[in-house]
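S.K.: need coordinates for the following:
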Amino acid sequence: VQLVESGGGLVQAGGSLRLSCAAPRFAAQADYAVGWFRQAPGKEREGISCVAASNGDTYYADSVKGRFTISRNNAKWPVYLQMNSLKPEDTAVYYCAPVVFRDDCPVADFGSWGQGTQVTVSS
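M.R.: Model (predicted):
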C-alpha cells in the first residue's frame, strides 16, 4: 500500500505546517497503524511518529516530541502531522506509510514508500 503525502512547503523557523496522509480508495477501509517518517539530505530515513489503528495511541521520536502532533479522526483518513515550532533541522522529505505500532514504528510488510512531501525550514 502506497500512501499519498501532501502539505509540505517553505516556512520560517518557529513556524508551523500541517501534513496530510491519504490512502488510495482500495486501501482506505483497512484498519492499520500509520507512521510519519523523514529523510534529510545525506541522512537515513527516520521514523518520527505513528498512530495506532483504532485506539488513538501515539508514538513520537524525541526529536519531535512536544512540537509535532499526529492525529486521525473516526473516519481514519487522512492522517495528519501538525508540526509546530519548526527548526531548520526539521528540513527533510516527509513520508507516511503503514506501520506496525510500536516504539520505532517499523513499516508494515504491505507498505511501500510514496513520493513524500518536501518541508524546508529557513533560519
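S.K.: the residue positioned nearest the centre of the chain: which element?
M.R.: Nearest residue to the geometric centre of the chain (CA atoms, centre = their mean): W36, 2.3 Å. Using DSSP states H and E, W36 sits within strand 33-39.
S.K.: so which elements touch that strand?
M.R.: Contact here means 3 or more CB pairs under 8 Å, 6 or more residues apart in numbering; DSSP states H and E; on that basis strand 33-39 packs against strand 17-22, strand 46-51, strand 79-83, strand 92-99. No exception for glycine: its C-beta is placed from N, CA and C like everyone else's.
S.K.: need the contact partners of it.
M.R.: Residues outside strand 33-39 that contact it (CB atoms under 8 Å, 6 or more residues apart in numbering) are 3, 19, 21, 45-53, 68, 70, 72, 79, 81, 90, 92-101, 105, 107-108, 116, 119.
S.K.: hey, what's the closest residue to Y60 other than its chain neighbours bridged with?
M.R.: In this structure, Y60 finds its nearest non-sequential neighbour in S49, 5.0 Å apart by CB to CB, 6 or more residues apart in numbering. Taking DSSP bridges as the rule, S49 bridges to W36, Y60.
S.K.: so what's S49 up against?
M.R.: So S49 contacts 35-36, 58-61, 64, 68, 70, 81, 105 (CB under 8 Å, 6+ apart).
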